[in-house]
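Q: need a 3D model of the following:
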Amino acid sequence: MTYSFALHIPDAELEPEPLASEQIVSGTPEVTGKVVWESEDGRQVRGVWQITPGVVTDTEADELFVVISGSATIEVENGPTLTVGPGDMAVLREGDRTTWTVHETLRKAYAINL
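A: Predicted coordinates:
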């Protein structure tokens, strides 16, 4: 998108983004998402992402996100443990290895810099 826009995040329609099986630690979490803006060079991405309950691992990009609904505990390897819920903003650093324990389906709006 190259124009200004507004999006009501709770109602945004999301597309399936399957997890790699090696990322799933427990449960049957499902991920959906939608990129709503990307820079011409692909180095900046803005979007909406959602995950259902379960435990997953990830290696993070440089990301700022705001939780719209749901809750999770995010353990950062050799770092803090973050507890996030509606209205919380969090910053993850590129290369952070994380374990997400999703308690309630979590939906977030994010800004990633690659």
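Q: okay but Thr81 is in contact with Ala90, surely?
A: No - taking C-beta atoms under 8 Å as the definition, Thr81 is not a contact partner of Ala90, at 11.6 Å. Heads up, the C-betas are built off the backbone N, CA and C, glycines and all.
Q: neighbour count winner among these two?
A: When Thr81 and Ala90 are compared for neighbours, Ala90 comes out ahead with 16 against 11, by other C-beta atoms under 10 Å.
Q: the helix or strand where that one lies: what's the following helix or strand?
A: If you go by DSSP states H and E, Ala90 is part of strand 89-92. Per DSSP H and E, strand 89-92 leads on to strand 97-113 as the next helix or strand towards the C-terminus.
Q: packing partners of that following strand?
A: strand 44-51, strand 54-59, strand 62-76 (3 or more C-beta pairs under 8 Å, 6 or more residues apart in numbering; DSSP states H and E).
Q: each with direction, which strands does that strand pair with?
A: strand 44-51 (antiparallel), strand 54-59 (antiparallel), strand 62-76 (antiparallel) (DSSP bridges).
Q: Gln23 is nearest to which of those strands?
A: Distance to Gln23, taken as C-beta to C-beta, is lowest for strand 54-59 among the strands paired with strand 97-113, at 4.9 Å.
Q: give me the buried positions along that closest one.
A: The neighbour-count check on strand 54-59 (16 or more other C-beta atoms under 10 Å) flags 54-57 as buried.
Q: for these, which one is nearest Arg46?
A: Set against Arg46, the nearest of those by C-beta to C-beta is Val56 (22.0 Å).
Q: report the contact partners of the residue most central in space within the chain.
A: Geometric centre of the chain, nearest residue: Trp49, 5.0 Å, by C-alpha atoms, centre = their mean. Going by C-beta atoms under 8 Å, 6 or more residues apart in numbering, Trp49 touches 14, 17, 31-33, 65, 107-108, 110.
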